[in-house]
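A.B. asks: Return a 3D structure for these sequence lines:
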Amino acid sequence: MADAEQQAASTEPQSRHVVYCGVCTLPPEYCEYGGTVKKCQEWLEKNQREMYDRIWSAEALEAATASLSVDAQKRAAKDAQKKAAKAEAAEAKQADKIANSVITIKRIERNKKKFVTAVIGLEAFGLELKKVAKDLGKKFATGSSVTKVPSGGEEIVVQGDVSEELEEFILEKYKEIPEDNIELVDDKKKKKAAAQ
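C.D. replies: Numbers count the residues shown, from 1 in each chain. I've put the predicted structure just below:
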C-alpha cells in the first residue's frame with residue numbers, strides 16, 4: 001500500500017516556471033504567432049538572454065529548418081517575410097493613427113458660473129482612461145470620471161474649469177502625446193429666447 005502511495009506521489013505533476021513575453025504576453029516560444037515578432041525578439045534578447053539564444057540564435061533557427069525539405073524551407077522563408085511585412089504595416093498604421101488622433105479638451109458650461117471639463121480622444125494613445133481620470137482627480141483635487149459618449153467612445157469628465165491646466169498636465173505627464181494633437185474647445189449653453 002505504501003509503494004502505491006509513493007508511486008502516485010512521484011507521478012504527480014510538478015509546477016513549472018513559465019516566462020511570458022513583455023510585449024505580446026505569450027510565452028516566447030509562441031511570439032512568432034503574435035504579430036510583433038521584432039519587438040518580442042528585442043525584448044527577449046534584453047531580458048531573457050539564454051532563452052533568446054535557445055529560440056532565436058542562428059544555430060537554433062538553422063537546426064529548426066534543417067529537417068525541412070527544400071520546398072518547405074522556401075515556404076517558411078516566404079511566410080516569415082509575409083509576417084514581417086504584415087507586422088511593419090500594422091506598426092505603420094498604428095503610428096499613422098496616433099499621428100492623426102486629436103485630443104479634445106472641452107470646457108462645458110453647466111449653469112451660470114459652473115463648468116466641467118471633458119477630455120475626448122485619449123484612448124487612441126493607448127492610455128487607460130480610468131487611471132488617467134484618477135490622476136486628474138488627484139491633481140486638481142476634484143471629481144473625475146469616465147463616461148460613455150453617444151458616438152461610441154469614452155470621455156473623461158473633470159469637475160471645474162481646468163482646461164488650460166489640464167492641457168499642461170497631459171503634455172507634462174504623457175510625453176508620447178504631441179502638443180499639436182491637443183485642441184481646446186469652449187462649449188457654451190445657448191440662452192433661451194425671451195418669452196413673447
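
A.B. asks: Could you pull up the mean pLDDT of the lengthiest helix in the chain?
C.D. replies: Longest helix in the chain, counting residues (DSSP state H): helix 70-100. Mean pLDDT, computed over helix 70-100, is 78.

A.B. asks: Who are the packing partners of that helix?
C.D. replies: Helix 70-100 is packed against helix 37-47, with contacts defined by 3 or more Cβ pairs under 8 Å, 6 or more residues apart in numbering; DSSP states H and E. (Glycine included, C-beta is placed from N, CA and C.)

A.B. asks: how about the strands in the protein?
C.D. replies: 103-111, 114-120, 144-148, 154-159, 182-187 (DSSP state E).

A.B. asks: need those in TSV with distance to Glu88, can you?
C.D. replies: Formatted as TSV, the strands of the chain follow (distance: least, Cβ to Cβ, whole Å):
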stretch	distance to Glu88
strand 103-111	27
strand 114-120	30
strand 144-148	33
strand 154-159	30
strand 182-187	29
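
A.B. asks: Take those strands and write them to a markdown table, including mean neighbour count.
C.D. replies: Output for those, formatted as a markdown table (neighbours: other Cβ atoms under 10 Å):
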| stretch | mean neighbour count |
| --- | --- |
| strand 103-111 | 16 |
| strand 114-120 | 20 |
| strand 144-148 | 15 |
| strand 154-159 | 20 |
| strand 182-187 | 13 |
